[in-house]
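*Asks:* Got a sequence here, can you model it:
(one chain, ligands or ions: 1)
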Amino acid sequence: MKAKQLRPFIIGNWKMHGTQRALRRLDTLAAGLAKQNNKANNAKPRKVDIMICPPATLLLSMAGQLKAAQDAGQQIMLGGQDCHAEASGAHTGDISAPQLRDAGAKASLIGHSERRTDYNETNKQVQAKAAAAHAAGLMAIICIGETLKERRAKATLPVIGKQLRESVPQDKPKDNRLITAKNTVIAYEPVWAIGTGLTPTGEQIAAVHAHIRKALIRRFGAEGERIRILYGGSVKPSNAAQLLAIPHVNGALVGGASLQAGEFLKIIAAAREIG
Ligand code: 13P
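*Replies:* Numbering: from 1, shown residues only. Next up, the predicted model:
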């Protein structure tokens, strides 16, 4: 199966890091992107979609900042890190998809392994959250990935297949609610590669991404060819080019390295070089 060239998507997940001071990072990022764009202008730069998912407390201020960056020509999207499955209600401490959207988010991470581990989120809950994101007009970035134990037991592909099947919402043509490449992104993040400095081999990543691609095509037809599949887990400037060149790797979900504008910019620069 030949891999279709899709626009790379680089997402920074800040997790529970940063207070207002961290917003300065965005100015450095916007300035760095302007430089990359100017440099690349002659060479027809590869367009890259860029998103930051900050802690919820920073969403609103960041939305204002990103609007200013956008007016200056730098497009950086904003995303949440999680949303509740309901649009509103008595759920102390939770944030709904319409609230994320109201704060300026275009997307939300859903089912990140840290949520699955810390809050025992099941595939079913993840699916309901993704459907809520879609209903609010947000893109759902649905995260899946095996543990080290599952990898060692050679269960990676079945585990990934089941997570994908059960976490991605069903097409609902009657409600005009379809899964599309615009509203859905899959992020493959092996749990054991997150924050550890470890990454699977290129062949291991290629096998999982091809497996996900096949499953998406089987379920969503031609649209399944266009849904982007990101890799996440210890992505950094030194391995980004190599990881992004793997077939069916259409971008990266970056944790630690997104907390430093310089590092994140290098990963974006690597994505521009692919293809
Ligand atoms: P690291 O890049 O810090 O390994 O985190 C990956 C991740 O969990 C992004 O969502």
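*Asks:* For burial, what's the neighbour tally of residue 157?
*Replies:* Other residues near residue 157 come to 16 when the count uses other Cβ atoms under 10 Å. For glycine as for every other residue, the C-beta is placed from the backbone atoms N, C-alpha and C.
*Asks:* Grab the nearest non-local neighbour of it.
*Replies:* Excluding the flanking residues, the one nearest residue 157 by Cβ to Cβ, 6 or more residues apart in numbering is residue 211, at 5.2 Å.
*Asks:* Please report how far the one you found lies from residue 96.
*Replies:* If you measure residue 211 against residue 96 using Cβ to Cβ, to the nearest Å, the figure is 33 Å.
*Asks:* before we move on, back to that, how many neighbours does the residue nearest to residue 157 have?
*Replies:* The burial count for residue 211: 19, using other Cβ under 10 Å.
*Asks:* That one - that's part of a helix, no?
*Replies:* Yes. Applying DSSP: H, G, I helix; E, B strand; the rest coil, one finds residue 211 inside a helix.
*Asks:* In contact with it, which residues?
*Replies:* When the contact criterion is Cβ atoms under 8 Å, 6 or more residues apart in numbering, the partners of residue 211 are 157, 160-161.
*Asks:* which residue does the stretch 151-275 of the chain bring closest to the ligand?
*Replies:* Ranked by Cβ to the nearest ligand atom, the top residue of the stretch 151-275 of the chain for proximity to the ligand is residue 255, at 2.3 Å.
*Asks:* Kindly report the residues of the stretch 51-200 of the chain close to the ligand.
*Replies:* Where proximity means Cβ under 6 Å from any ligand atom, the interface of the stretch 51-200 of the chain facing the ligand comprises 112, 189, 194-195.
*Asks:* any idea which of those is closest to residue 266?
*Replies:* Closest approach between these and residue 266, by Cβ to Cβ: residue 195, at 18.7 Å.
*Asks:* Please report the distance of that closest one from residue 32.
*Replies:* Summarising the geometry, the distance separating residue 195 from residue 32, computed by Cβ to Cβ, is 24 Å.
*Asks:* Output the contacting helices and strands for the helix or strand where residue 108 lies.
*Replies:* Assessed by DSSP states H and E, residue 108 sits inside strand 107-110. Counting contacts by 3 or more Cβ pairs under 8 Å, 6 or more residues apart in numbering; DSSP states H and E, strand 107-110 is packed against strand 49-53, strand 77-80, helix 123-135, strand 139-144.
*Asks:* returning to that earlier point: what would the contacts of residue 211 look like in TSV with secondary structure?
*Replies:* Conversion of the contacts of residue 211 to TSV gives the following (three-state DSSP):
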residue	secondary structure
157	helix
160	helix
161	helix
